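*Asks:* Mind folding the following:
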Amino acid sequence: MGKYLVSIVLLMLSTASYAYEAVSLVEVFVNTPLRADTPLKNSTGQLIEVKVYDLSAPERFEDELSQNLPETEQLIKTAVLQKVQALPHSYFEEHVVMPYEGILKATEYELTKLPAIVFNNGETVIYGIKDIGRAVRIREEAQ
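*Replies:* This next block holds a predicted model:
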């Protein structure tokens, strides 16, 4: 598990004795691409909703748009517009909309570093791991 236990930190956002609810929502904040393809179930057998926010995606998107651009400003505008229009809607949603939503949520949750896995709208945060299944097990064992 290592000297720093992969920098895992469980933060209780309530100072009172808090009764844990079963995990129903997991939000993952990373700065590299990450897929959450495997459906996860909580301790009661219900599916867990998983949202992954790759906060570096907008920068990569801008880098992709900037490749092989023409020299003049008007031609650049036209070329970028054509590139954006050629993208499938799902690509724009995944690489622009979701990451910016993630930046707002990370600010709302006052996250201090990445990766961070947030449970049930900020009830608990685990820092330092990307393995969502492992994070769910750690969180449920803490109950």
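*Asks:* and the most centrally placed residue in the chain, bridged to which residues?
*Replies:* Central residue of the chain (C-alpha atoms, centre = their mean): residue 53, 2.4 Å from the mean position. For residue 53, the beta-bridge partners under DSSP bridges are residue 29.
*Asks:* Enumerate every residue touching it.
*Replies:* 27-30, 98-99, 101-103, 105-106 (C-beta atoms under 8 Å, 6 or more residues apart in numbering). Where C-beta positions appear, they are placed from N, C-alpha and C, glycine not excepted.
*Asks:* mind redoing it with 10 Å?
*Replies:* 27-31, 34, 98-106, 114, 116, 118 (C-beta atoms under 10 Å, 6 or more residues apart in numbering).
*Asks:* And residue 86, by the same measure?
*Replies:* Per C-beta under 10 Å, 6+ apart, neighbours of residue 86: none.
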